[in-house]
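return atomic coordinates for the entry below.
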Amino acid sequence: MAKPKRNPQMEKLVSLTKRRGFIFQSSEIYGGLNSCWDYGPLGVELKRNVKNLWWHNIVTSREDVVGMDAGILMHPRVWEASGHVANFHDPLIDCKTCKARFRQDKAPTLFHCQNCDFQFKVADGKISTKDEFAKHFADDLLAEETESYIGGDCPHCGAAKSIQIQKRMCPNCGGSDLSEAKQFNLMFKTHFGPSEDSASQIYLRPETAQGIFVNFDNVAATARVKLPFGIGQIGKAFRNEITTGNFIFRSREFEQMELEFFVKKEESQKWYEYWVEQRFQWYQSTGIRPENLRLREHRADELAHYARACTDVEYRFAFGWSELEGIADRQTFDLDQHIQHSGKKLTYFDQENNQHIVPAVVESSAGVDRSILTILTDAYWDDEEHKRVVLRLSPKVAPIKVAVLPLVNRDGMPEIARRIFEDLQKHMAAFFDMGGSIGRRYRRQDEAGTPYGITVDSQTLEDGTVTLRDRDTLEQVRISKDQIVTTLQHKLAL
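Down below sits the predicted model:
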């Protein structure tokens, strides 16, 4: 049996997030539950900061977007109307040799050109091929979904649409004796009420968007909004994924940040382009380096049948370029479906043209957990020069903004540091630490991503100044105790 491939970079990050209280394996004392995660003290603060940034950017800072929070449990006919009951499937393959079961697109796949002898293998989001052909591949050819290579142009001979699958292999044992793909519905089923028969069967929602669509008329009537307008929502969703992995990137319980922006059908292209640009800029505003982000527009054969266009925001992980968010022009599909299945009128009265219309919708669908993984991955830094590990988190998302540390636990330093800490707590997330050497305390805060440290030392006793330490540059300057709050507010842009 083949050993699972190691990802040293991810292993370091997973170790750090547990060590510093960001993320724990769910139910760990019972052996853990695969692909389910708990957010610890620092993780929940980071998560809250990310969600608050999104909410402010999408909802509270705009006049044309309102928020809502729909229930996780919905009438089962919602999912019939949306197409999830009939179509929300993944192709599942069984290995006849080792009995492993996996998603079709996660099988290592050998591709070949139908015009020449060119071959390449795709596994774990990476391409391997003969050395003389390797130069033909660039990073922008890497994709999370293996199927996206089918029908591509050959990078060796240039033949158009000539790349096809030669064979798939088991990711567990490497064998190629595989079953035909079978469709597996990804929705979690449960029962509503005391009986457990088919009549009581409902689903945990696989996305938050449908809660917005079924409430379109309620929101439009009560919020007194005019087209174009959006409805934003943050909430839990559940998918019984066949293949999970890469830490919190793909899990069965996750949180979404979704915007449904309703527009006149003839204006959907304009707003689609607008939101693609807005969402790409938002990821950069969280501190993620621009060179590790890209936009990838879906090809015609990738698009869902109802979508006119779709673009993904992708990040360059160690396991390849992978999707953080999808922005799609869904046209009128969603409201049309619910109008048809519910018999209710989900329309908007266009006063300009004196008629009822079904608005088109541009959707922005982002993952909270994927955003957090991206921010952590991008911030992780092995500072070999100073022999430390640092999370270079943007102050916007850092769980702790400043740590207050007495140099030693005597001469009144802890008492002065405590008063400074209590004052800072009124203005920002602060942390007080007097345990261990000052060097160890600095390193703990570096790993927690804390941008600044305040140290009370013997000079503080003489002139009332403290040391302000910068996490990234290690620069230390002295400032007056009276200037701590205003100085940090300026540096943190609070």
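
which is the next helix or strand following the helix or strand of the chain with the lowest mean pLDDT?
Every helix and strand in the chain was compared by mean pLDDT, DSSP states H and E; the lowest is helix 131-134, with a mean of 53. Next helix or strand after helix 131-134 toward the C-terminus (DSSP states H and E): strand 163-168.

which residue is the nearest non-sequential neighbour of the spatially most central residue of the chain?
Most central in the chain under CA atoms, centre = their mean is residue 370, positioned 2.1 Å from the mean C-alpha point. Ranked by CB to CB, 6 or more residues apart in numbering and with sequence neighbours excluded, the top spatial neighbour of residue 370 is residue 324, at 5.2 Å. C-beta coordinates here come from the backbone N, C-alpha and C atoms, glycine included.

now the helices for this structure?
All helices of the chain, identified by DSSP state H, fall at 8-19, 41-55, 76-82, 84-87, 131-134, 209-213, 216-223, 268-285, 333-342, 368-379, 413-424, 438-448, 458-463, 484-492.

just the angle between the first one and helix 438-448, please?
Counting by axes from the mean of the first three to the mean of the last three CA atoms, to 10 degrees, helix 8-19 points 110 degrees away from the direction of helix 438-448.

and helix 8-19, average pLDDT?
Mean per-residue pLDDT for helix 8-19: 92.

residue 466: what's it in contact with?
420, 454-457, 460, 478-481, 484 (CB atoms under 8 Å, 6 or more residues apart in numbering).

at 6 Å instead, please
454, 456, 460, 481 (CB atoms under 6 Å, 6 or more residues apart in numbering).

what is the neighbour count of residue 227?
Neighbour count of residue 227, defined by other CB atoms under 10 Å: 19.

so what pLDDT did it get?
We have a pLDDT of 95 for residue 227.

now do it against residue 261, distance only.
Counting by CB to CB, to the nearest Å, the separation of residue 227 from residue 261 is 10 Å.

state the distance from the closest residue to residue 255 other than its chain neighbours to residue 44.
Distances taken as CB to CB, 6+ apart put residue 368 closest to residue 255, at 3.9 Å, once the chain neighbours are dropped. Distance, residue 368 to residue 44, using CB to CB: 12 Å.

more neighbours, the two?
For the pair residue 368 and residue 44, the greater number of neighbours falls to residue 368 (19 against 15), based on other CB under 10 Å.

okay, that one: pLDDT?
On the pLDDT scale, residue 368 gets 97.

the spatially closest residue to residue 318 that is not a sequence neighbour: how many residues sit nearby?
Nearest residue to residue 318 in three dimensions, chain neighbours excluded: residue 9, at 4.4 Å (CB to CB, 6+ apart). Neighbours of residue 9 under the rule other CB under 10 Å: 14.

where does the stretch 101-250 of the chain have low pLDDT?
124-125, 129-147, 198, 242-244 (pLDDT under 70).

neighbour count added to the contacts of residue 466, as a markdown table?
Output for the contacts of residue 466, formatted as a markdown table (neighbours: other CB atoms under 10 Å):
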| residue | neighbour count |
| --- | --- |
| 454 | 25 |
| 456 | 28 |
| 460 | 23 |
| 481 | 17 |
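
mark which of the residues you listed are part of strands, please.
The strands, defined by DSSP state E, take in 454, 456 from the contacts of residue 466.

tell me the one of the contacts of residue 466 nearest residue 468?
Closest to residue 468 out of the contacts of residue 466 is residue 454 (6.2 Å), distances taken as CB to CB.

which residues does the closest residue to the closest one other than its chain neighbours contact?
Among residues not flanking residue 454 along the chain, residue 404 sits closest, at 4.7 Å (CB to CB, 6+ apart). Contacts for residue 404 were tallied using CB under 6 Å, 6+ apart; they are 417, 420-421, 432, 454.

and if we set it to 10 Å?
416-425, 430-434, 452-456, 466, 484 (CB atoms under 10 Å, 6 or more residues apart in numbering).

now do the contacts for residue 223.
Counted by CB under 10 Å, 6+ apart, residue 223 has contacts 65-68, 229, 231.

if we go to 6 Å?
residue 66.

gap between it and residue 59?
Taken as CB to CB, the span from residue 223 to residue 59 is 12 Å.

got it, and residue 442?
38 Å.

try residue 224
Taking CB to CB, one finds residue 224 at 16 Å from residue 59.

neighbour count: these two, which is higher?
residue 59 (18 against 9).

need the per-residue pLDDT for the more buried one.
For residue 59, pLDDT reads 98.

residue 430 touches residue 424, doesn't it?
Yes - counting by CB atoms under 6 Å, residue 430 does reach residue 424; the two are 4.1 Å apart.

count of residues packed around the residue lying closest to residue 366 once chain neighbours are set aside?
Closest residue to residue 366 apart from its sequence neighbours, by CB to CB, 6+ apart: residue 325 at 3.9 Å. Look at residue 325: counted by other CB under 10 Å, it has 23 neighbours.

beta-bridge partners for residue 325, please?
As for beta bridges, residue 325 partners with residue 313, residue 366 under DSSP bridges.

wait, it sits on residue 311?
No - counting by CB under 6 Å, residue 325 stays clear of residue 311, with 9.2 Å between them.

domains of this structure?
8-88+187-378, 90-185, 400-492 (automatic domain parsing).

dump those into CSV; add distance to residue 388 as well.
Listed next are those as CSV, based on distance: least, CB to CB, whole Å:
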stretch, distance to residue 388
domain 8-88+187-378, 12
domain 90-185, 29
domain 400-492, 5
